[in-house]
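Trainee: Give me a 3D structure for the following:
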Amino acid sequence: MAYGLQIKNASNQLVLEVSDRVARFVTTGSSSYTTGNSPITVSVTGMTNDDTWTVVVNSSVAHGGIEVEKGSGSFTMKQTGYISGTATLRYIVIRN
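Mentor: Residues are numbered from 1 along each chain as shown. Next up is the predicted model:
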């Protein structure tokens, strides 16, 4: 006999089972970034540079872009493009 777990809605449609991957929140935060500075490094316990980790970053400055690089135990982020002064970079880290 096989064992497992399936969750169904009121219409008996399968919505979740053991083989599904579910993302989980890991951490969030923010940091100030000044134009031209080195990237900001954020430590995340257990992080690896693979597809199971996602980092979402937004900026208080509407123009330019944001570069993110995942690493072993951390990621880096920086504002790119034309900005002058300081931007607040807000991040969320998710593991799926």
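Trainee: Residue ranges in this structure under the pLDDT threshold?
Mentor: 1-2, 82-83 (pLDDT under 70).
Trainee: Show me the strands in it, by range?
Mentor: With DSSP state E as the criterion, the chain has strands at 6-8, 14-17, 24-34, 40-43, 53-59, 65-70, 74-80, 86-95.
Trainee: Quick one: those strands as JSON lines, columns for mean neighbour count too.
Mentor: C-beta coordinates here come from the backbone N, C-alpha and C atoms, glycine included. Output for those, formatted as JSON lines (neighbours: other CB atoms under 10 Å):
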{"stretch": "strand 6-8", "mean neighbour count": "11"}
{"stretch": "strand 14-17", "mean neighbour count": "11"}
{"stretch": "strand 24-34", "mean neighbour count": "13"}
{"stretch": "strand 40-43", "mean neighbour count": "14"}
{"stretch": "strand 53-59", "mean neighbour count": "17"}
{"stretch": "strand 65-70", "mean neighbour count": "14"}
{"stretch": "strand 74-80", "mean neighbour count": "18"}
{"stretch": "strand 86-95", "mean neighbour count": "17"}
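Trainee: Tell me who's in contact with the closest residue to Asn58 other than its chain neighbours.
Mentor: Once flanking residues are discounted, Asn58 sits nearest to Arg90: 5.5 Å by CB to CB, 6 or more residues apart in numbering. Contact analysis of Arg90 by CB atoms under 8 Å, 6 or more residues apart in numbering lists 28-30, 57-60.
Trainee: same thing but at 7 Å, please
Mentor: Contacts here follow CB atoms under 7 Å, 6 or more residues apart in numbering; on that basis Arg90 touches 30, 57-58.
Trainee: Name whatever forms a beta bridge with Pro56.
Mentor: Slight slip there: residue 56 is Val, not Pro. Ile92 (DSSP bridges).
Trainee: ok so, going back, can you tell me which of the contacts of Arg90 is nearest Gly4?
Mentor: Val57 (36.9 Å; CB to CB).
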